[in-house]
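# Predicted structure and sequence below. I'll ask about it afterward.
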Amino acid sequence: MITNKKHQIFADEYILTNDAVISYQKAYPKAKAESARVESYRILQLPTVDEYVKTKQSEIQNARQNSLIEELKSKDSSNILNREKIVEMQSNVVKITYNNFVKSKESKDADAFNKSVMAFNKLEGLEKATKIENEIKLSKDVVINIGG
């Protein structure tokens, strides 16, 4: 703990500005720049001041890192929630187009279904074709004959 009030003011100001000369002149307003430079260096060498400054700077750095971590966590969780909503909506579209395809057996519905499945897979990052995609990608005649 710093016992000298002026040194405490200097240390607190130094922590905020990281400028020893300006901090010294805050604590000692009548000091000239050259004497502030010399004396600020001397004060920073004092064990109590040095320990106090390092401790406070470390606390500030830890608080900033924790704040950044919390910010990143909140962004990630909101991104995950948004992505889950998009995936759910896209999967609903795929299901609807698939149901329409199964009911109608028309080639235009097969194209719509294929496009929906491709969009869904792209969204999910799936590179390989699924079993359903492989079956749908068969020639349109084969797909129509399966239902007929």
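Perfect, I can see it now. Residues are numbered from 1 along each chain as shown.
# Please name every helix or strand in contact with the helix or strand containing residue 10.
Using DSSP states H and E, residue 10 sits in helix 5-17. Counting contacts by 3 or more CB pairs under 8 Å, 6 or more residues apart in numbering; DSSP states H and E, helix 5-17 packs against helix 20-27, helix 33-45, helix 47-104. Where C-beta positions appear, they are placed from N, C-alpha and C, glycine not excepted.
# What residues of the first one count as buried?
Same thing as helix 20-27. 20-21, 23-27 (16 or more other CB atoms under 10 Å).
# where are the low-confidence patches of this structure?
Applying pLDDT under 70 to the chain flags the ranges 75-81, 97-98, 100-113, 116-117, 119-148.
# So it: which segments form each domain?
Annotated domains of the chain cover 5-66, 77-147 [automatic domain parsing].
# before we move on, the earlier item: can I get the helix holding residue 10 as CSV, trimmed to CA atoms?
C-alpha atoms of helix 5-17 as CSV (Å, rounded to 0.1, in the frame of the first residue of the first chain):
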residue,chain,number,x,y,z
LYS,A,5,-0.8,10.7,-1.0
LYS,A,6,1.1,12.3,-3.9
HIS,A,7,2.6,9.0,-4.9
GLN,A,8,-0.8,7.4,-4.8
ILE,A,9,-2.2,10.1,-7.1
PHE,A,10,0.8,9.6,-9.4
ALA,A,11,0.3,5.8,-9.5
ASP,A,12,-3.4,6.0,-10.1
GLU,A,13,-2.9,8.6,-12.9
TYR,A,14,-0.1,6.5,-14.4
ILE,A,15,-2.3,3.4,-14.5
LEU,A,16,-4.9,5.4,-16.4
THR,A,17,-2.6,7.3,-18.8
